[in-house]
Each structure stands twice: as structure tokens, then as C-alpha cells.
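Visitor: this one's structure only:
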Ligand SMILES: Cc1cc2nc3c(=O)[nH]c(=O)nc-3n(C[C@H](O)[C@H](O)[C@H](O)COP(=O)(O)OP(=O)(O)OC[C@H]3O[C@@H](n4cnc5c(N)ncnc54)[C@H](O)[C@@H]3O)c2cc1C
């Protein structure tokens, strides 16, 4: 066994871990170890923005989890990809950048995450981002000086995507310049983590520059097996590197950033969790913390496919010749269809004008595709488009728990979807909104055929049934080690410290008290940036 010593040890080089590794090493004083189970992100299909369909099910880059059969979804077991590579899920995600709605963070604060209200969160986002926005004559303008690049790629969208904005206009729906700006409600072109035609992951933005510092050590291909807890303090981390067992000691803190599935797994394997469950697997209990792994929230979405009378992205990428031309254009100019992620237009809408905040997020894509058994995503040949709706703030909560004392055994994931009346109600509200959009004069005018199941002909029972039969994750698991008031209702305090264990924090999407209304990568990196402030502040006292 080989041992070494660091001020801070971070587990997981994902969205949160990369931000932490940068911030905690910036002053040059702290010796930091970052441990990542996956390997290098220097892969062509990671860097190409439209390439994420190619990494979706690649076991070399992906933990590839499957949920338990979910009663709310007709007992279907759903595939849950998670990045296992430098950059974590930010290296395999769809790059859509959405801050979330102010109300999301007000609710964090109300549930005990003091200091995480919208004003602080907004200021943290401003430090995180550099935005590349297009001027009215299409010239990119830079705003902000954060490391994370957020780009408006609307000048390169497929021309069909403009139809979605025209359709919203037909219906009198709000259209906003930028859903991350002062008016988040309404449809707009999505912003993406893309820079100069390449994915700009958390690793690109934060880890790559930090790796030049001598006080940061990064180990890859290293699977953390457990944390060592002595007299109520996290003192070390045990991990496997090849056949060797390694021990790293933490002088100040261990920070778990292994994501919403693996962070609760690691705490439980280390004796922090529901005592009865841990004992059942022969694990010594260091802290009986019933909420570890509970509180799981995720977004579900339903998509409907339409054949179009006009060319869409399918006309380019659905055939060999178009693929070759798009590939050539990308290689020569870093522009064109491969340089723009698939989510091109969408945004937040209210299904009821009397609600005080939007409750559905829409995705409108100028392409239709299917996923083969192998996980390969195949684009249709004939022109088509897709409309998709995601209820913003589900209230059902599921769980993640270990099935054995071995880290190699995937944890048991129970999403518990549609367990509440309000979530079931949102299924209908979201479906009706999509129907309205599909029937708008603009979209009806370019629809050749509505592919089965036909949203327009469904009554309420059929719509509910279709959602249960086909809705799927949008890959946003959160809240499994959530912040809150006390050990009775949460895992972490508002400074992300694990209740009852010294020298231990969890900093990643699992720390959200409630899921945010939109995609979860932006709030995860925001959370990590503010967490770094708190960690450094505590280290000074
Ligand atoms: C296919 C897909 C598409 C998505 N699309 C979008 C999108 O377009 N926009 C958006 O905002 N969000 C999107 N998301 C969600 C978003 O990427 C995540 O919410 C975010 O990356 C979570 O960050 P994290 O730091 O919590 O975890 P991760 O980024 O997953 O990082 C966890 C890291 O810990 C490592 N790790 C885990 N266990 C261990 C262990 N035992 N030992 C060592 N290392 C370990 C993992 O390998 C990983 O690198 C998507 C996610 C997926 C999977």
C-alpha cells in the first residue's frame, strides 16, 4: 500500500470537481489531489459538439447505469448515462447551458440552504461565465471574464429552427433574447458550452489551466473504494490504481464530487448513511445519516416526432454524403452542422398564467432520431423535427442505495417517478402545451405527417398513458446528498459539510436541496464555485 498526504482531496473530476481543483489550487498554497475513475477526455467525439450521440453509451467513457423498474413509468428500467472520464458528465452532455430560475434558488434558501438565494447565486454565475453573444449584425461580442464559455450559436442553427420561434410568435408566447438573462421566460435559441466550434467542458474551462500548477496532482483510472473515518473525522481516501491499493491522507478536508449516483454510494460504503441498511451489508456505521441517497430528483421529458415538408438537419446528417460534407466543413472551419449541439431552440413557459414562475421547459430540435439497442443514435433520412417537454420542478423523490459493500457493484437507483398528484398533473399540462405548439399555423404548415403516437388525437387518459410508456430521463439526477437544516431532513449543512462528520463535504449535483427548473450542469458548476469560496474561507479560520 502506498500513502501520500494533501491539504484537500477531491474525488471525481466532473463538472464540480474540475471547478474545485482550479479554485482550491489558485493561491498556490494548498496541495490538492484530484482522483478520477475515468481516463483522458482527448477524444474526437467528446470535442465535436454534435458528437455526444457517440459517447452516450460508450462503456469506456460512461458508467452506464440502469434504474430499477419504475412503477410510475410502467415498470420500465431506464438507461442513465453518467460521464466516467476527465470532465465527468460535462464531457458527454449536450452542452445546453441553463442557469435555472430565481425561484429555484429561493427554494434552496427556504429549505435551509442559507446563503444560496438568487442574489448570491446570480453573482456567482457572473464570476463563472464569459458569454459570447451575437450583435444584431451577427458579430460575436464578449461579456464577462469567467473561465466558462457560454456561446450564442444561433447564426449557425439549422434554418428550420427559426420555425419554432415563429410558431411561438403565432401563439403569442413570450420570446426572450436569452433565458439566462433578466427575462428567463419564453423561447429563445439555447446557449451552449461551445468555444470555437469545440465542446467547452468543465475540464476545458477549469482543470486544464489548473493542471499547470505544481500544487495539483491528478490521478486518472483510479477508483475510490471508501473514505477512512476516524473518531468522527474523514482522514483519508482509499483507492485502487491498477492492482495497487493507494491511501491518500487529507490534512484539511476530503471533498466528494462523484456525482448524484456515486457520491451517496461512496458515503454509504464508508459507513455514512442509514445505519440499518449499512449493517445489512456488513459495513461499520460511523454516522447514522438516514437521508444519504434519499431525496433523488430528476427531470423526465416526452418527445413527439413530426415529418416535415421542408429540409431539416435530417437532410444533411441522415445520409452518407451529407455527413461527409458536414465533416469536411467542420474540419476546415470548425463551423456548420457538427459545431452546434442538437438542442437549438427552447425555453421556459407557464402552463397557467396565474402561476408565479414557469413550470415547463421545451426543447425544439430540427432533427428526428432513434437510439439502437447498442445505444447508437441514428438520425432519420427524411426531413423531420421533434418537440419535447419537461416538467420543471417534479416533487417526487426517489433513492440511491448500495446493493453490496463493493464499489464495483452498481448502486440501486429507484427514481419513484410520478409518485405525486402534482407530477401527474404536470404530465397533462406539458402535453397540452406541446399540442398547442404543434398546431400553431407555422408548424402545422410545415408538418407532412405526425408520427405515431399522434399527440393531437390523444385524450387526457391516452396522453398520461403515453407519458408513462415513453417518457425518459433528461439525465439530471440531483439531491441525493442534499443541503438542509439538520440530519433529520438532509445530509449537508448550508456550507456543504456532512452532518456529524468533520473534514468532509459533498460538492456536486447531489447537494441540490431541490432540482432546478432547467438543465443541471450550470447550477452544478455554480455550486462548486461558491463551495470553493466557503472551503477557503473556513480554511482561513
Ligand atoms: C448524456 C447527458 C446529457 C446531459 N445534457 C446536459 C445538458 O445539455 N445541459 C446540462 O446542463 N446538463 C446536462 N446533463 C447533466 C449534467 O452534465 C450534470 O448534471 C453534471 O455534469 C453533474 O456534475 P457532477 O459534478 O455532479 O457529476 P459528474 O460530472 O458526473 O462527475 C462525477 C465524476 O466523479 C467520478 N467518479 C464517480 N465515482 C468515482 C469513484 N468511486 N472514484 C473516482 N471517481 C469517481 C466520475 O467518473 C465523474 O467524472 C447531461 C448529462 C448526461 C449524462
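Guide: Structure's in. What do you need? Remember, it's a predicted structure, so these values are computed and weren't measured experimentally.

Visitor: contacts, neighbours, all on C-alpha from now
Guide: Will do.

Visitor: For residue 268, give me its contacts.
Guide: Residue 268 makes contact with 274, 278, 292, 401-402, according to CA atoms under 8 Å, 6 or more residues apart in numbering.

Visitor: Filter these down to the ones in helices?
Guide: Judged by DSSP state H, the contacts of residue 268 include residue 278 as members of helices.

Visitor: Now render the contacts of residue 268 as JSON lines, adding pLDDT and distance to residue 112.
Guide: JSON lines is the format used below for the contacts of residue 268 (pLDDT from 0 to 100; distance: CA to CA, whole Å):
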{"residue": "274", "pLDDT": "98", "distance to residue 112": "21"}
{"residue": "278", "pLDDT": "98", "distance to residue 112": "27"}
{"residue": "292", "pLDDT": "98", "distance to residue 112": "17"}
{"residue": "401", "pLDDT": "98", "distance to residue 112": "24"}
{"residue": "402", "pLDDT": "98", "distance to residue 112": "27"}
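
Visitor: out of the contacts of residue 268, which touch the ligand?
Guide: Among the contacts of residue 268, proximity to the ligand is found for none (CA under 6 Å from any ligand atom).

Visitor: filter the contacts of residue 268 to the buried ones?
Guide: Among those, those buried by neighbour count (16 or more other CA atoms under 10 Å) are 274, 278, 292, 401-402.

Visitor: which of those residues lies closest to residue 16?
Guide: Distance to residue 16 across the buried ones among the contacts of residue 268 (CA to CA) is lowest for residue 292, with 18.9 Å.

Visitor: with the buried ones among the contacts of residue 268 in mind, which one is nearest to residue 518?
Guide: Nearest to residue 518 out of those is residue 292 (CA to CA; 23.9 Å).

Visitor: Was I right to think the closest one contacts residue 275?
Guide: No - using CA atoms under 8 Å, residue 292 is not in contact with residue 275; the gap is 10.3 Å.

Visitor: Give the residue spans of the chain that score low on pLDDT.
Guide: Applying pLDDT under 70 to the chain picks out residues 1-3.

Visitor: Select the longest helix from it.
Guide: Scanning the chain for the longest helix, with DSSP H as the assignment, gives helix 521-540.

Visitor: What parts of the stretch 151-300 of the chain come near the ligand?
Guide: Residues of the stretch 151-300 of the chain lying near the ligand by CA under 6 Å from any ligand atom: 222-225, 257-260, 262.

Visitor: From the residues you listed, which land in helices?
Guide: 259-260, 262.

Visitor: Out of those, which is nearest to the ligand?
Guide: residue 259 (3.6 Å; CA to the nearest ligand atom).

Visitor: Just give the nearest non-adjacent residue to residue 260, would you?
Guide: residue 510 (4.3 Å; CA to CA, 6 or more residues apart in numbering).

Visitor: these two touch, right, that neighbour and residue 478?
Guide: Yes - counting by CA under 8 Å, residue 478 is a contact partner of residue 510 at 4.6 Å.

Visitor: Which neighbours do these two have in common?
Guide: residue 260.

Visitor: Just the strands from the stretch 51-200 of the chain, written as ranges.
Guide: Under the criterion DSSP state E, counting those that start in this stretch, strands of the stretch 51-200 of the chain are mapped to 65-66, 79-80, 129-134, 140-143, 148-152, 186-189, 191-192, 194-195, 198-199.

Visitor: can you list these in a markdown table and add mean neighbour count?
Guide: What follows is the strands of the stretch 51-200 of the chain, written out as a markdown table (neighbours: other CA atoms under 10 Å):
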| stretch | mean neighbour count |
| --- | --- |
| strand 65-66 | 18 |
| strand 79-80 | 18 |
| strand 129-134 | 20 |
| strand 140-143 | 14 |
| strand 148-152 | 25 |
| strand 186-189 | 24 |
| strand 191-192 | 26 |
| strand 194-195 | 22 |
| strand 198-199 | 24 |
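
Visitor: With distance to residue 48 as extra columns, can I get these in JSON lines?
Guide: Below are the strands of the stretch 51-200 of the chain laid out as JSON lines (distance: least, CA to CA, whole Å):
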{"stretch": "strand 65-66", "distance to residue 48": "24"}
{"stretch": "strand 79-80", "distance to residue 48": "22"}
{"stretch": "strand 129-134", "distance to residue 48": "18"}
{"stretch": "strand 140-143", "distance to residue 48": "20"}
{"stretch": "strand 148-152", "distance to residue 48": "15"}
{"stretch": "strand 186-189", "distance to residue 48": "19"}
{"stretch": "strand 191-192", "distance to residue 48": "13"}
{"stretch": "strand 194-195", "distance to residue 48": "9"}
{"stretch": "strand 198-199", "distance to residue 48": "6"}
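
Visitor: out of the ones you listed, nearest to residue 96?
Guide: Closest to residue 96 of these is strand 191-192 (CA to CA; 4.7 Å).

Visitor: what does the longest strand along the chain rub up against?
Guide: In the chain, with assignment by DSSP state E, the single longest strand is strand 244-256. With contact meaning CA under 8 Å, 6+ apart, strand 244-256 is reached by 1-12, 234-240, 263, 503-508, 539.

Visitor: try 7 Å
Guide: Strand 244-256 is contacted by residues 1-11, 234-240, 263, 503-507 when judged by CA atoms under 7 Å, 6 or more residues apart in numbering.

Visitor: How about stretch 116-127?
Guide: By CA under 7 Å, 6+ apart, the residues outside stretch 116-127 that reach it are 102, 105-106, 108-109, 144, 146, 526, 530.

Visitor: Would you check which pair of the residues of the stretch 151-300 of the chain next to the ligand lies furthest apart?
Guide: Applying CA to CA across those, the maximum distance is between 222 and 260, 18.7 Å.

Visitor: The two: who's more crowded?
Guide: residue 260 (27 against 23; other CA atoms under 10 Å).

Visitor: Provide a list of residues in contact with the closest residue to residue 415 other than its chain neighbours.
Guide: Sequence neighbours aside, residue 398 is the residue nearest to residue 415 in space, at 4.4 Å (criterion: CA to CA, 6+ apart). Neighbouring residues of residue 398 by CA under 7 Å, 6+ apart: 294-297, 414-416.
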